[in-house]
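> sequence isn't available, so here's the structure alone:
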């Protein structure tokens, strides 16, 4: 399954969120500068945005969260999160515990999410990776629909 | 010590006694009180006038304080180490994917009218962008974040004295990889009787 990269930007005037297709061979900061010239600024997947996105894909795409990385290296924390992710495979209700944990880490410990890997299990299925810098990598066949959905969720949280 | 406190001390220590003596020289009430011995008219009058003038000064101070307001904007990284006298430093680096986060704690205290209509502005340079989670009190354009203080104020009945606080997270993302550093300090439009305190924040871009 081929992947396609996207990057989330915000229109400075309209506050609308838009996802631009992004070639990883390109210089990232040139893409950013080009977007800035066209009136866009970078958008970030903050922890609250990440939590909203995970929740959306869990509910609407019967998704599975396959991995979560943090901006700080903490082996104990990673183990704890992986245990919760394993439990979520069998019982989706563990999402509430994971969500509370992620919110707490961001709010009180300044530990933010760096990357989330999601596997969508509806239709033909898809793989999605969300990075804190607003870049997402998704299976090519669902790029259009998923980027639309990401744009809507991000707008709901930040704009 | 704040300049306003120094002025207050000087007024109480120098100006009030001078006014008291001046008034005493014009008209001494104690001269009409028969049980005060004649030798003590001045001493008793000075004590009496000083007491009255100090009471008046206290009243004036109270009403000035009621008409004033203060906005405190403290940046911190970790809530347990929040310190309004220390300037936190955050770094946008390759290992953090060019991202850095900071919390902002805004405390509004004092006269409602003084606070309403005020805006707190934070100018953002071109080499990074800022993002805040949804907040109706914010207005954000490319290079400035504005907090409209009116929308942070509680909607209570008396609308005279308020004390309210809010915390928000600000995320920054760099727009290039060049090493740079800046000290950001929010500002407000100066108004008489409106105080503003902030610790500011140092933001660095490291390769």
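Yep, that arrived. Since we're looking at a predicted model, the values are computed, not measured.
> for the rest of this, base every contact and every neighbour count on C-alpha atoms.
Fine.
> ok, residue A:154 to residue B:150 distance?
Residue A:154 is 26 Å from residue B:150, where distance means C-alpha to C-alpha, to the nearest Å.
> so for those two, which sits in the more crowded spot?
The neighbour comparison of residue A:154 against residue B:150 (other C-alpha atoms under 10 Å in any protein chain shown) goes to residue A:154, with 28 against 16.
> quick check: the more buried one touching residue A:17?
Yes: in terms of C-alpha atoms under 8 Å, residue A:154 counts as a neighbour of residue A:17; the distance is 7.0 Å.
> for the record, mean pLDDT for stretch B:92-103?
The pLDDT scores in stretch B:92-103 average 92.
> would residue A:73 count as being in a strand?
No: counting by DSSP: H, G, I helix; E, B strand; the rest coil, residue A:73 falls outside a strand, being coil.
> and stretch B:123-143, which residues are buried?
B:124, B:127-133, B:138, B:140-142 (16 or more other C-alpha atoms under 10 Å in any protein chain shown).
> tell me the one of those nearest residue B:67?
Lowest distance from residue B:67 to the buried residues of stretch B:123-143 (C-alpha to C-alpha) belongs to residue B:138, with 26.1 Å.
> for that closest one, name its beta-bridge partners.
Here residue B:138 sits in beta bridges with residue B:147, as judged by DSSP bridges.
> okay, now the residue of chain A found nearest chain B: neighbour count?
For chain A and chain B, the shortest gap (C-alpha to the nearest C-alpha) falls at residue A:158, measuring 4.3 Å. By other C-alpha under 10 Å, the residues close to residue A:158 number 20.
> that one contacts residue B:130, correct?
No: when contacts are counted by C-alpha under 8 Å, residue A:158 is not listed as touching residue B:130 (11.2 Å).
> shaky segments in chain A?
Residue ranges of chain A with pLDDT under 70: A:159.
> now the helices for it?
For chain A, helices defined by DSSP state H occupy the ranges A:28-37, A:47-61, A:75-90, A:94-108, A:143-158.
> closest to residue B:181 out of these?
helix A:28-37 (18.2 Å).
> quick one: contacts of the closest one?
A:9, A:22, A:41-42, B:175-177 (C-alpha atoms under 8 Å, 6 or more residues apart in numbering or on different chains).
> how about 6 Å then?
Helix A:28-37 is contacted from outside by residue B:176, using C-alpha atoms under 6 Å, 6 or more residues apart in numbering or on different chains.
> so where's chain B shaky on pLDDT?
Along chain B, segments meeting pLDDT under 70 span B:1, B:134-137, B:142, B:156-159.
> make it 80
B:1-4, B:133-142, B:155-160, B:190, B:207 (pLDDT under 80).
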